[in-house]
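>>> here is my input; please provide its structure:
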Amino acid sequence: MAALKESAELAGGQDCILEPLCFPEQLSGSVSLASSDDCCLVSCVLCSHSTPLSDKDQLLKHLVLDHKLVIADIKLIADFPKYMLYWKKRFTEQPIPDFCSVIKTNSEGPAELQENYFLLCDILPEDRILREQLQQKRLEEVLEQQQKERDDTSFQRTCMFCNEDFTGNRSVLLNHMAREHSFSIGLPDNIVYCTEFLDALERKLDNMQCFYCEKIFRDKTTLKDHMRKKQHRRINANNHDYDRFYVINYLELGKTWEEVLSEDDRELLEDNDDDWSDWQAHPVCAVCLFCEQQEENMEKICTHMQKAHKFDLHKLKTELNLKFYQQVKLVNYIRRELHQCRCYGCQKKLETREEVVQHMMEAGHVMQIPEISHWDQPQYYFPTYENDALLTALSDSESESEGADHSSDVPVFPEDISNLKAIKQNSVLNKLLKDRGSSS
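Below you'll find the model as predicted:
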């Protein structure tokens, strides 16, 4: 049941879990990614050579010429400095051929003219996982930045077309430009790094450059007339410099907004195969919080934890009056603490998970849950282990009790059918039928 363990941490390692954890054990030897500030220098993975991130092509050229190392699909790497830092450490632990495909040039020629080149690509599961982690981390950062901008009320800027000042939220200015000047860069909620975006657009105007065709004119009057007559008050969708300002470009690795929007489910609609006879359901087992024991249902796993580890989840749920999502947070919190080899009762950190469990049993910390404010936090909405079946087995005691109250407190009266003849004679339908017959 051991999760994907951190074999090392990057510089400035923090107390966090950024790699996907999963039952059972997956790829070993993976290094967790620690968040750090963007570096202006990117170091070679095999030597001390480094270049600015803006000169990334020079570093790639150095890798090919000096080390015969080729990195595939550079554009699909969300954070190139962290990617290089990760492999720099891994190459010190194991030789390059353990990770890279070896390509021999001039294989049919003389031995002295043959050379081996190394290809590092996402065919290697470890490289693919790393790329996905970096993409996920970048997406989280972008969404966090977008939320800050959406909630920001201190925004202040002058309209680039009419010099009117706007304060408050960025949407006020963007809606004004769309409404009054017919210039729309998209819905405010779809944009990120809005200030940088507007700065880039203003620089184009200052340089007398059209937003759409990007031609340069001699003065602003000529530029404005051109944009109005040609209906060029819009940005050029083919200019990929703007891609970083739209959240949609961060959603899927290697896909632009055009590719994301062009995708549909027509193939699924055309597939009319409704035959599910070959479907085989595989039982999903819940894993104990403290050991590797697995059980098929919630009752059995709770009984095991109570007998083997003195942990009573039902008792905690009742005493703390935990709602469903609070139970989810508690389970994820305990999983996280034990994964990090730390006792959640006293915060003591040990070397192994087994030592932590033994310490908790001896010290009586198994049922010593911290204050609810400590673990009832938004980050624990997300599962520590991606396939944690225990979360799907949790129940909402509040909804269950409400359901019981409704069934017991609300009376149900049977339909009164004691005198059907009287009901028929006094029915409104009879009067309607009589009126209809007399009118005809």
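>>> so which bits of the helix or strand Cys302 falls within are buried?
Using DSSP states H and E, Cys302 maps to helix 298-309. Residues of helix 298-309 classed as buried: 298, 301-302, 304-305, 309 (neighbour count, 16 or more other Cβ atoms under 10 Å). All C-beta atoms are positioned from the backbone trio N, CA, C, and that covers glycine.
>>> one more: stretch 378-392?
Of all the residues in stretch 378-392, those buried under the rule 16+ other Cβ under 10 Å are 380, 383-385, 388-391.
>>> do the same with stretch 318-325
Under the neighbour-count criterion of 16+ other Cβ under 10 Å, stretch 318-325 has Leu322 buried.
>>> now stretch 41-59
Applying 16+ other Cβ under 10 Å to stretch 41-59 flags 42-46, 51, 56, 59 as buried.
>>> and stretch 76-96, by the same measure?
Counting neighbours by 16+ other Cβ under 10 Å, one finds that the buried residues in stretch 76-96 are 77-87, 90-91, 96.
>>> also stretch 182-197?
Buried residues in stretch 182-197 (16+ other Cβ under 10 Å): 183, 185-186, 188, 191-194, 197.
>>> circling back: which pair of the buried residues of stretch 76-96 spans the longest distance?
Ala78 and Ile96 (23.2 Å; Cβ to Cβ).
>>> secondary structure, pLDDT and distance to Asn169 added to the buried residues of stretch 41-59, as TSV?
Shown next, in TSV, are those (DSSP: H, G, I helix; E, B strand; the rest coil; pLDDT from 0 to 100; distance: Cβ to Cβ, whole Å):
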residue	secondary structure	pLDDT	distance to Asn169
Val42	strand	89	37
Ser43	strand	88	41
Cys44	coil	91	45
Val45	coil	89	44
Leu46	coil	90	49
Thr51	strand	89	40
Lys56	helix	86	36
Leu59	helix	90	41
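>>> if we ignore the residues flanking it in sequence, what's nearest Val102?
Once flanking residues are discounted, Val102 sits nearest to Asn116: 5.4 Å by Cβ to Cβ, 6 or more residues apart in numbering.
>>> how far off centre is the one helix or strand the one you found maps to?
Using DSSP H and E, Asn116 maps to strand 115-120. Here strand 115-120 is found 34 Å from its chain centre; the criterion is Cα atoms, centre = their mean, to the nearest Å.
>>> so which elements touch that strand?
When contacts are defined as 3 or more Cβ pairs under 8 Å, 6 or more residues apart in numbering; DSSP states H and E, strand 115-120 packs onto strand 69-71, strand 101-105.
>>> out of those strands, which gets nearest to His374?
strand 69-71 (42.5 Å).
>>> other SSEs contacting that closest one?
Helices and strands touching strand 69-71, by 3+ Cβ pairs under 8 Å, 6+ apart, are helix 56-67, strand 115-120.
>>> between those, which gets nearest to Phe155?
Of all the helices and strands packed on strand 69-71, the one in closest proximity to Phe155, counting by Cβ to Cβ, is helix 56-67 (32.8 Å).
>>> just want the angle from the closest one to strand 115-120.
Following axes from the mean of the first three to the mean of the last three Cα atoms, to 10 degrees, one obtains 140 degrees for the angle between helix 56-67 and strand 115-120.
>>> Arg342 contacts Lys349, doesn't it?
Yes - contact criterion Cβ atoms under 8 Å: Arg342 and Lys349 qualify, at 4.7 Å.
>>> looking at these two, which has the bigger crowd around it?
Arg342 (17 against 13; other Cβ atoms under 10 Å).
>>> how much space between that one and Gln379?
Distance of Arg342 to Gln379, given as Cβ to Cβ, to the nearest Å: 16 Å.
>>> tell me where the model's unsure across this structure.
Residues of the chain that meet the criterion pLDDT under 70 lie in 1-40, 253-284, 396-440.
>>> in it, which spans are strands?
Under the criterion DSSP state E, strands of the chain are mapped to 41-43, 50-52, 69-71, 101-105, 115-120, 155-158, 165-168, 286-287, 294-295.
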